[in-house]
Structures are given as C-alpha cells and as structure tokens.
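1. just a sequence and a predicted model for now, questions to come.
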Amino acid sequence: MIEATLCFPLRGDDDPTTTNESDGEVLLIEKRRGLGEGWYNGPGGKCEPGETPRECAVRETREEVGLEVRNLEKAGELTFRLDGETHTFCHVYRTRSFTGEPTSSEEAHPEWVSVEDVPYDQMWEDDRLWLPGVLEGNTAVGEFRFEGGEPLDEADFVDHDLEWGAPLETDPDEKSAT
Ligand SMILES: Nc1nc2c([nH]c(=O)n2[C@H]2C[C@H](O)[C@@H](COP(=O)(O)OP(=O)(O)OP(=O)(O)O)O2)c(=O)[nH]1
C-alpha cells in the first residue's frame, strides 16, 4: 500500500461560510508526469520512509511548486482501492500559511483557481465528491473503489463511501507542527 499526501493552499475569503459568492482561491497543479498526468490536483505525492505525512506534504509542495507551507490543517483521509485491495492511503491537508511564489517544476504547473471554479472535469473522478467540502473547511473520510487493473488513473471509478466530520488520525508530529 502506498501512503501519500495532498496539500491545498488557500488564499482570500477567510471565511467562505459567511458569503454565498466566495472569492477564495486554491492553488492547484497541472500534473506533468506520473500518476494523474495531465489532470489537476493539489500538490502532493508519496511519503518517503521515516517521513510523517505532514512532512511529506510540506516537502512535496516545496518540490513541486516552490511554496513553503506551514500550519497544515488535516482535512481528510482517503483510501483508494483497486480491484478489492487498498492501493493508496492519502492524507489531505489545507493551509492558509505559506511563503514564496508558486513556480512551475518538471512535475507540476501551479495555478490559483477560484474555489467556485475548480476544474472537476479535468481531475480524478472522485474529487468532485470530497474536494468541495474540504475547500469549505470540512473533514472527509472516504473510500473510493476502482476496478480494471493498474495504473490507478486508467481504472474505472465504481463506488465509494464518504463520511463528513469524522475523527482523523493524529499525525505523530501534529502537536509540534509549525
Ligand atoms: N485528487 C486525487 N489524488 C489522488 C487520487 N488518487 C491518487 O493516488 N491521488 C494522489 C495521491 C498522490 O498525491 C498522487 C500520486 O502520487 P505521486 O504524484 O507521487 O505519483 P507519481 O507516480 O507521479 O510518483 P513520483 O514518480 O513523483 O514518485 O495522486 C484521487 O483519486 N484524487
């Protein structure tokens, strides 16, 4: 099983629950290679040995788009199953704390997009189910089932379970997180 992370940096409109027309934005990447190539996603990737998920999310965001993120808030835990087996367990974070300017890398092209205008038709098919709530500040625990063999991004999305507001795992470094 792969352990992976996603990080969604947010800016503008600090409290999207108070207005109908949100002017908040989220930093997405257009993935240039690997799993999900050509689709939009948050910065993120696979955890390295000995690394906490939070450390992984910080490192991947730095490597992919050159942004230094802090104060990551855990927003979800997503299990992606392929043909009945757990393929990837993905920790999802959001943050409003970061420094630097998003810059393209070989792996990713960054783009600020309105949270009202996320290009779900150019993303993983399951994202439209959980990402809107995550961008509104909710926490999601979900399982998404795919069939059809590797690679995961060419398999068919068949069904899912999704729970909002459920307790999330505590990262080992959560209390000391900066
Ligand atoms: N938004 C979204 N992300 C997903 C889904 N499934 C899935 O694995 N991901 C994420 C988890 C990881 O952050 C990312 C894949 O990991 P990655 O970017 O390291 O993969 P890669 O093959 O490019 O690996 P690498 O060569 O860079 O090491 O995609 C999904 O259904 N929706």
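-> Looks like it came in fine.

2. going forward, measure contacts between C-alpha atoms and count neighbours the same way
-> Noted.

3. contact partners for the closest residue to Arg62 other than its chain neighbours?
-> Spatial nearest neighbour of Arg62, excluding adjacent residues (C-alpha to C-alpha, 6 or more residues apart in numbering): Glu68 at 5.6 Å. Applying C-alpha atoms under 8 Å, 6 or more residues apart in numbering to Glu68 gives the contacts Val58, Thr61, Arg62, Phe98, Thr99, Gly100.

4. mean confidence for the longest helix seen in the chain?
-> Identified as the longest helix of the chain according to DSSP state H is helix 53-65. The average pLDDT within helix 53-65 is 98.

5. check which element follows it along the chain.
-> Note on helix 53-65: by DSSP states H and E, the next helix or strand toward the C-terminus is strand 68-70.

6. neighbouring strands for that following strand, and are they parallel or not?
-> Paired strands of strand 68-70, with direction, are strand 97-99 (antiparallel) (DSSP bridges).

7. any buried residues in the partner strand, and which?
-> Residues of strand 97-99 include none that count as buried (16 or more other C-alpha atoms under 10 Å).

8. what lines up beside whichever helix or strand comes after that strand in the sheet?
-> Using DSSP H and E, the helix or strand that follows strand 97-99 in sequence is strand 108-114. Its sheet considered, strand 108-114 pairs with strand 25-31 (antiparallel) by DSSP bridges.

9. so what touches the strand it pairs with?
-> By C-alpha under 8 Å, 6+ apart, strand 25-31 touches 8-12, 37-43, 107-115, 135.

10. in CSV: the contacts of Glu68, plus distance to Phe80.
-> As requested, those are exported to CSV (distance: C-alpha to C-alpha, whole Å):
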residue, distance to Phe80
Val58, 22
Thr61, 21
Arg62, 25
Phe98, 28
Thr99, 31
Gly100, 32
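
11. that older thread, near the ligand too, which of the contacts of strand 25-31?
-> Among the contacts of strand 25-31, the residues within reach of the ligand (C-alpha under 6 Å from any ligand atom) are Asn41.

12. buried ones among the contacts of strand 25-31?
-> 8-11, 39-43, 107-115, 135.

13. send over stretch 51-68 as PDB, restricted to the C-alpha atoms.
-> Written as PDB, here are the backbone C-alpha positions of stretch 51-68 (Å, rounded to 0.1, in the frame of the first residue of the first chain):
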ATOM      1  CA  GLU A  51       8.700  10.800   7.000                       C
ATOM      2  CA  THR A  52       5.500  11.900   8.600                       C
ATOM      3  CA  PRO A  53       2.600  12.600   6.300                       C
ATOM      4  CA  ARG A  54       2.700  16.300   7.300                       C
ATOM      5  CA  GLU A  55       6.400  16.400   6.500                       C
ATOM      6  CA  CYS A  56       5.700  14.700   3.200                       C
ATOM      7  CA  ALA A  57       3.000  17.300   2.300                       C
ATOM      8  CA  VAL A  58       5.400  20.200   3.100                       C
ATOM      9  CA  ARG A  59       8.300  18.600   1.100                       C
ATOM     10  CA  GLU A  60       6.100  17.700  -1.900                       C
ATOM     11  CA  THR A  61       4.600  21.200  -2.100                       C
ATOM     12  CA  ARG A  62       8.100  22.700  -1.900                       C
ATOM     13  CA  GLU A  63       9.500  20.400  -4.600                       C
ATOM     14  CA  GLU A  64       6.500  20.700  -7.000                       C
ATOM     15  CA  VAL A  65       5.700  24.400  -6.800                       C
ATOM     16  CA  GLY A  66       8.400  26.000  -4.700                       C
ATOM     17  CA  LEU A  67       5.900  27.100  -2.000                       C
ATOM     18  CA  GLU A  68       6.900  26.800   1.700                       C
END
